[in-house]
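# Model the structure of this input:
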Amino acid sequence: DGQYWCMANMQEKLSEYGVSLNVLMQTSYVPPPHINRTSGSHVTVGETLILTCSISVNWNVMVSLSWNLPNKRARQPRLLLPDPISRNVSMGGSHLKVVEQKLKLHKVDKEDQGNYACIVTDHSNNQQTRREFIRIYDRDQSFLRVWQDGYSTFHKSSGKDDSVQWVVE
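Numbers count the residues shown, from 1 in each chain. Just a heads-up that it's a prediction; the model follows:
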């Protein structure tokens, strides 16, 4: 590591060029990334799908994040992949960085349904992949999602027709 200089001197003319060199340690493992459904759990035809892929690594590990989409024809301007965001975090004496790569897909269609894969590659070429299946609902398609938090509270979210019949036996 360090600063290195190249200097050229000819007939009392001096030219110099400096470069900073940072040598990274070889790594043997990169953790798998995490995919967050930023736009919500249900995506309907014509809406915008937003996914965020993130990874936490040691601050001195370089990583790149990339996406694989089920619809290979999805292109700009419908598909947007903003520049990744990196932020440093200190927790309990560990110096980590969190790197995020968003995916925005406007005006989704049935061809956009399928597995979305986020691939992380570190500076030693170690790779991990996380996949998330995204279902694209028709505009008039109803859905029901039921979940429980704790012991007794049930929640529901549903589509078009907001009536639900419960049968407990």
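
# From now on I want contacts and neighbour counts done on CA atoms only, so please keep to that.
OK.

# can you list the weak-confidence ranges in this protein?
143-169 (pLDDT under 70).

# For the most centrally placed residue in the chain, list each beta-bridge partner.
What sits nearest the mean C-alpha location of the chain, by C-alpha atoms, centre = their mean, is C53, with 1.4 Å. For C53, the beta-bridge partners are I35, Q101 (DSSP bridges).

# Show the contacting residues for it.
The contact partners of C53, by C-alpha atoms under 8 Å, 6 or more residues apart in numbering, come to P33, H34, I35, N36, L65, E100, Q101, K102, C118.

# Then K104?
Residues near K104 by C-alpha under 8 Å, 6+ apart: T48, L49, I50, L51, R78, L79, L80, L81.

# What of S66?
Q101, C118, I119, V120 are the contacts of S66 under C-alpha under 8 Å, 6+ apart.

# hey, what's it bridged with?
Beta-bridge partners, per DSSP bridges, of S66: I119.

# Give me the distance between it and Q11.
Distance of S66 to Q11, computed by C-alpha to C-alpha, to the nearest Å: 51 Å.

# Kindly report the same for L80.
With distances taken as C-alpha to C-alpha, L80 is found 53 Å from Q11.

# now W59
Counting by C-alpha to C-alpha, the gap from W59 to Q11 is 46 Å.

# between those two, who's got more neighbours?
Neighbour count, other C-alpha atoms under 10 Å: between W59 and Q11, W59 has more, with 15 against 5.

# Hmm, that one is touching N88, no?
Yes: using C-alpha atoms under 8 Å, W59 is in contact with N88, at 7.1 Å.

# nearest to R73, of the contacts of S66?
Relative to R73, the closest of those is C118; by C-alpha to C-alpha it sits at 17.5 Å.
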